[in-house]
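Enquirer: next input, structure requested:
(2 chains)
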Amino acid sequence: MSEAIGAATAMDSGENISAWATIKRGAEISPELKQGFWGTMALALLGTAGRVVVPIAVQQTLDKGINGPNGVDQSYVVAMALLAAAAMVLTGISSYLMTARLFTTAERGLATLRIKAFRHVHDLPLLTQNTERRGALVSRVTSDVDQVSQFLVFGGIIGIISVGQIVVATVIMLFYSWQLTIVVWVCFLPLFGSLQYFQRRLSESYGTVRQMVGQMLSVVAEPVVGALVVRTHAIEDRTQARIDDSIRRYQAASTRAQGLTAFSFSLGGLSGGLANALVLIVGIWLGFDGQITSGEVLAFAFLVTLFVSPVQMGTQVLTDGQNAIAGWRRVIGILDTPADLDDPGTTGEQLPHEPLGIAFDHVEFRYPDGPPVLIDVDLEIEPGTRVAVVGETGSGKTTFAKVLTRLMDPTAGSVRLAGHDLRDVGFASLRRRVVLVPQEGFLFDSSLRDNVLYGDLAAGTERIREAIDELGLTDWLDGLPHGLDTRVGQRGESLSAGERQLVALIRAHLADPDLLVLDEATSAVDPALEMRIGRALEALMSGRTSVTIAHRLTTAENADEVIVFDRGRVAQRGPHQALVAEGGIYGRLHASWTAQQS
Amino acid sequence: MSTDPATDDTLVDASRTTLMDGFRVLGVAIRREPWVFTLSTLGSVLFGALTVADAWVLGWSTDHVLLPAFRTGETSAGLLWAVLALFVGVAILRAVGIVARRLGAGVMQYRMQAAYRREVTSQYLRLPMAWHQRHPTGQLLSNANADVEAAWAPIAPLPMAVGTVAMMAIAVAQMLLVDLTMAVVGLMVFPLVTVATLTYQHFSSPLFTRIQALRAELSEIAHESFDGAMVVKTLGREAEETERFAAKANELRDLGIRVGRIRAVFDPILEAIPSLGVLAVLGVGVYQIQHGNAGAGDVVTIAYLLTIVAFPIRSIGWLLGEFPRSVVGFRRVHRVLDEPVRTTYGDATLAATGTGARLEVDRLGFGYPGGAALLDELSFTVEPGQTVAIVGETAAGKSTLTTLLTRLVDPGTGRVLVDGTDVRDLAPGQLAGHAALVPQTAFLFDDTVRGNVTLGEDVSDEDVWAALRTAQADGFVAALPHGLDSRLGERGTTLSGGQRQRLSLARALVRHPRLLILDDATSAVDPEVEARILAAMRSTRADADAAGSTLVLIAYRKATIALADEVLFLADGRIADRGAHEDLLLRNPAYAHLVNAYETTAAEVVAGE
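Expert: Modelled structure (predicted):
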């Protein structure tokens, strides 16, 4: 249990990296983002230059062509209009190219990020262990990525253009008057200075917002995921109160963040007003010295507006960026959480297609900071043996099954199948040869056929029917309204819990493994059917190794060998009759079982 | 879950009327938040007016301060202070306008989101279980989250757009006053921008609609895939699952790129139109000046006004751009909100007698749509304090029966009566106050152990521990790091299936229900522990007065069945036989075969050896 917490903490610790580190790591994960980056930047600069040229041409026309000292100068107006039009075409083309490129790289890069994160989630231990965290994981591969993509394509364009425009405007201002340029920059210095402070505050605010979103999503899911419990205990009011509370907190956090955003955004305008006034005043003063003309001062005042709007847009983009980077960090947090198991991949060893012998070599398993769950398990099981595992709740049976099928690695010692250390076997071969059927038969919202195909993607209808017949389930299949094409519903809920287990068994049978591990796989079917399946499974298990975890001792009675777990250790092992005679834990379990049968 | 073709068609139709519908959605928000809307709009209008005023300040400063100063070579401190005061004053007021506009828009947007989230979730709580079973979890979650957000997204640019309209009105009036001819030329800009924006909408709307649907599909796939992680892992199907997810993610990517191309075309066009307008004004202006119809200052004013208004016009584009998503989101949310809650309640109440309830099932019939009847003319009675076991084959309809008894689902025909009252005539909350169902699969909340047992009711720790003791859950709860206060869920402890079932049982026991229904609720518990649970339940029942709670058990295990006063053998949707367990064993071979299966098999094994 604490393993999940450990991994969750690791996942969240990734959320503390800086914005710059996030972007760098993000670009590493999605190399597409870097493709043609400089080309896009060059186009952006070109587009920006054009953007500034147009208003300046217009300004020049007004100033010199119409309002000039010699009255209206028609040829000047025409020349300037043509120049402006040409600039517009150039700007338009570069703007088109830049936007198209930016969308392409951003969308490609983020699709990669999304898919990589999705794949990685399946390698994380928390998924199989902590059912309650799934909603949060889903939001990482969906809405968090969406947020980054929205920002990159929309905020990205504005951000790039804004920076470019600030640079270009500064250059042109310098061309007119370096003194006035300094005046403008001095007016904006307090703004730039305060930026860092506001960004930190905003980053905190949006961090809180993201946190509140997470909590809200989890609570809002309750009436949907827990619909049954809410109704059976009529706790609608309590559930609604919890939801209202989380909604209120999210709303309050968002409003606070929005207030801060609005305030910081408004500051740019103040600097702009001050700059405008000072440009006129200092301009007049410079004019007395004959260093500047009234036209130039006016042109300069005009340039200030070209400077103010990108500064304001830029701060806005930075703010949106805080939110997007928080989302990006969350996705990267997943990818940077180490998977609990390393797949040696194609270079890994292959398991032979034959009954597999099992060897546990002084295996210990413990969750981080927890007491050991398996202690010094040291045993060998011959190929082709049918083994039953019994023991009380918490004795380590399920952990044994998980370590045996490499859903978890032992913390000490090793597990070998047919002489291969499990850690050296490629997952493709491992999952092909070793199949675990868990207690909860999870089905996908699709047809029965699609669900059993999870066992063997290549199986045709004939093979599926054959497999169902071999398990003695043809009667059941024929009773279903649409046979193999029956829809099973959400999580298979159109079927009963027992039927879901049947589907899981058919799946496992189709998979045709050499080691079959059943973890209370028939606990929800009726006794008569369970016995029938049990007999069918026995027939199928000939020629394979099988390990069955059971709390019904009938299974143990039929096994070649019984292994009894007690507080993480193997307490007893041997054939049923011998163990009954031996007494001990098994004797007690057997007595309790017999008592219940009477 | 793919959208069926019919829905796709409606969506395409929808995009044609998106504009009108978008305004209608906004109308809903404005009617619900008139004051915030007014405040933010006033802020925006203030901002717009002051943007125009900025031009006036510049003009005034030029005419009265700058030009005289350059002409005469002197100026006064008073005039310079006036310049400073005017510019800074306008800037401060403008800042106030910005804060009012943006904060107002935010407050309005978050309020609407919060209100709709509350409404959707409370509708989820009202709608019957059958409705929930018909709708995918992922879809319902996105209705409450992504769709609500999309529906109210246009509120953010709304005040700015309204302010822009006001600013345009002021600018247009000013232009008309200055020079009619130039104004008309300049005013061509506004319809052109509108046409360009609408054309952009026309091309991009269907794509945005599709993108939104794809996002929902993607989220559903992720949900399901992570839900079924155990299957995916144990059968090594990670690659196939990733492929399934990637197919949608890539489709989403390609649509995003297409949207980008369209935007790339329209962005520069939208930007060029106002500039072209200015150039046209200049051309006409030159002509007007040469013919003495206008002064140079007039041209400057009109050109300047066009430049100022040009950028904010695009906020109208942003507003319209949010419409398709908004309309689709609004519709998806309303599909839930407008779902009629057909569950009707009466006002009958049950007497809190402290003894067991009397349960009567009268000719009950039920079948899922499109399937054969699952239950047919089912009738039986359970007297107060009696324990009845319902036994039947896998998929015989036992779980369905429990949902009918607790009114999670209403029957097709027949009635369920508790203490002689049809459960449909009971006031809301009455049945749950007297009856409790412990389902096969336990659901735990993201809450503490105590919260999961009490579910918010005022129950003493003593009672909680007593319930945990009966459910044999006291041992592992005491061993948790914080005992009753240990947190389960998102960042908390993970429990095993058997432990979860026992908490779920304790949750029912702590309420001392007069009718307790256990649907194979101890299936994941060891036989030994189960025996202890049953023994504890038996003894607490013995402690209470003679007629304790009425107990209905769905069970396979003989020990569980043995607890029952009577056994109902369910087959073919009817009660095939009923009576004491021993009697049924003797007289009903089918029943004997079902419940004796373990022993029979064991006997065969022994005989075979």
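Enquirer: gap between the closest residue to residue A:303 other than its chain neighbours and residue A:187?
Expert: Using Cβ to Cβ, 6 or more residues apart in numbering or on different chains and skipping the chain neighbours, the partner closest in space to residue A:303 is residue A:173 (5.2 Å). Any C-beta I mention is one placed from the backbone N, CA and C, and that applies to glycine too. Separation of residue A:173 from residue A:187 (Cβ to Cβ, to the nearest Å): 12 Å.
Enquirer: about what we covered before: just give me the neighbour total for the residue nearest to residue A:303.
Expert: Per other Cβ atoms under 10 Å in any protein chain shown, the neighbour tally for residue A:173 reads 23.
Enquirer: which stretches of chain B have low pLDDT?
Expert: Residues of chain B meeting the criterion pLDDT under 70: B:1-16, B:310-311, B:369-371, B:489-494, B:527, B:538, B:540-547, B:598-609.
Enquirer: which segments of it make up each domain?
Expert: Per the record, chain B has its domains at B:5-337, B:359-440+B:514-608, by automatic domain parsing.
Enquirer: redo the ones you listed as JSON lines? Include distance to chain A and mean neighbour count.
Expert: Output for those, formatted as JSON lines (distance: least, Cβ to the nearest Cβ, whole Å; neighbours: other Cβ atoms under 10 Å in any protein chain shown):
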{"stretch": "domain B:5-337", "distance to chain A": "2", "mean neighbour count": "20"}
{"stretch": "domain B:359-440+B:514-608", "distance to chain A": "3", "mean neighbour count": "19"}
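Enquirer: residue A:211 is nearest to which of the ones you listed?
Expert: The closest of the domains of chain B to residue A:211 is domain B:5-337. By Cβ to Cβ, the value is 15.5 Å.
Enquirer: wouldn't residue B:64 be in contact with residue B:78 here?
Expert: No: the pair residue B:64 and residue B:78 fails to qualify as a contact (Cβ atoms under 8 Å) at a distance of 11.4 Å.
Enquirer: and the domains of chain B: which comes nearest residue B:505?
Expert: Of the domains of chain B, nearest to residue B:505 by Cβ to Cβ is domain B:359-440+B:514-608, at 5.3 Å.
Enquirer: can you count the residues close to the closest residue to chain B within the stretch 101-250 of chain A?
Expert: Nearest residue of the stretch 101-250 of chain A to chain B, counting by Cβ to the nearest Cβ: residue A:103, 2.3 Å away. For residue A:103, the tally of surrounding residues (other Cβ under 10 Å) stands at 26.
Enquirer: go on, residue A:457?
Expert: 10.
Enquirer: just to revisit the earlier point, and the residue nearest to residue A:303, what does it touch?
Expert: Residue A:173 is in contact with A:180, A:181, A:184, A:300, A:303, A:307, counting by Cβ atoms under 8 Å, 6 or more residues apart in numbering or on different chains.
Enquirer: what's near enough to touch the residue nearest to residue B:397 when sequence neighbours are not counted?
Expert: Nearest residue to residue B:397, sequence neighbours excluded (Cβ to Cβ, 6+ apart): residue B:374, at 4.2 Å. By Cβ under 8 Å, 6+ apart, the contact set of residue B:374 is B:366, B:367, B:368, B:397, B:400, B:573.
Enquirer: ok, the fifth one - contacts?
Expert: Pointing back at residue B:400 there. Residue B:400 touches B:366, B:374, B:375, B:409, counting by Cβ under 8 Å, 6+ apart.
Enquirer: which stretches in the chain count as strands?
Expert: Using chain A. Using DSSP state E, the strands found in chain A span residues A:358-366, A:372-381, A:386-391, A:412-417, A:420-421, A:434-437, A:515-519, A:545-549, A:561-566, A:569-574.
Enquirer: hm, I was asking about chain B
Expert: Going by DSSP E, chain B shows strands at B:359-367, B:373-382, B:387-392, B:413-418, B:421-422, B:435-438, B:515-519, B:550-554, B:566-571, B:574-579.
Enquirer: next one: the second one to chain centre, how far?
Expert: What that stands for is strand B:373-382. Offset of strand B:373-382 from its chain centre (Cα atoms, centre = their mean, to the nearest Å): 37 Å.
Enquirer: quick one: strands adjacent to it?
Expert: Strand pairing for strand B:373-382, using DSSP bridges, gives strand B:359-367 (antiparallel).
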